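**Q** What shape does this take:
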Amino acid sequence: MSELLLTSEQIGQLVAQFFIAGAGTLSFAVLFASPKRTLPYCGLVGAMGWFIYELAVLFGLESFTASLLAVIPLTLLARIFAIVLKTPVTIFLLAGIFPLVPGAGIYYTAYYFIQGNNALALANGISTFKVAVALAIGIALVLGLPLPRFKTRPKK
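**A** Coordinates of the predicted model:
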């Protein structure tokens with residue numbers, strides 16, 4: 001039970017990363033020309049996903065497992081916002097997964113490959129591929145859930 005407790009420094013870092021991830025996600029939403037009314041929600045989706053990822057890593061999970069655990073609530077939140085705001089889910093999902101995309105892994109895979117260090121390139125490539133697959137599986141799991149049916153009133 002003691003390993004589940006967080007220090008005040010760790011909590012402070014998680015809070016800071018939450019806001020930084022939200023700002024970064026918001027920036028990508030602006031770059032993707034998301035509608036202005038959806039921008040704060042896009043930032044919240046990305047911040048929540050990164051927060052869950054960092055929390056999972058803090059508790060000792062590997063990056064691909066943490067990515068899977070983070071992308072499931074991220075996609076669920078994106079889907080909820082899409083229903084509530086009557087917008088496509090991709091508006092929230094594209095911006096929201098940006099903090100979780102393994103860009104550094106892709107970079108280092110290519111870097112080590114160009115440098116001729118095939119062992120490190122392969123190791124980074126496999127790790128990056130596992131994270132990408134975890135993201136795809138998590139998104140597919142949530143988007144595969146049926147949408148709730150709301151009763152509509154007949155027009156008079």
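**Q** List the buried residues in stretch 99-114.
**A** For stretch 99-114, the neighbour count (16 or more other Cβ atoms under 10 Å) marks 99, 100, 102, 105, 106, 108, 109, 112 as buried. Every residue, glycine included, has its C-beta placed from N, CA and C.
**Q** Is it possible to get these out as JSON lines so that each row also shows distance to residue 28 and pLDDT?
**A** Putting the buried residues of stretch 99-114 into JSON lines (distance: Cβ to Cβ, whole Å; pLDDT from 0 to 100) gives the following:
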{"residue": "99", "distance to residue 28": "9", "pLDDT": "93"}
{"residue": "100", "distance to residue 28": "12", "pLDDT": "94"}
{"residue": "102", "distance to residue 28": "16", "pLDDT": "92"}
{"residue": "105", "distance to residue 28": "18", "pLDDT": "93"}
{"residue": "106", "distance to residue 28": "17", "pLDDT": "94"}
{"residue": "108", "distance to residue 28": "22", "pLDDT": "96"}
{"residue": "109", "distance to residue 28": "22", "pLDDT": "95"}
{"residue": "112", "distance to residue 28": "27", "pLDDT": "96"}
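**Q** Out of the residues you listed, list just those in helices.
**A** Mapping the buried residues of stretch 99-114 onto helices (DSSP state H) picks out 105, 106, 108, 109, 112.
**Q** What helices and strands are in contact with the lengthiest helix in the chain?
**A** Secondary structure assigned by DSSP H gives helix 118-143 as the longest helix of the chain. Packed against helix 118-143 by the contact rule (3 or more Cβ pairs under 8 Å, 6 or more residues apart in numbering; DSSP states H and E) you find helix 63-85, helix 103-115.
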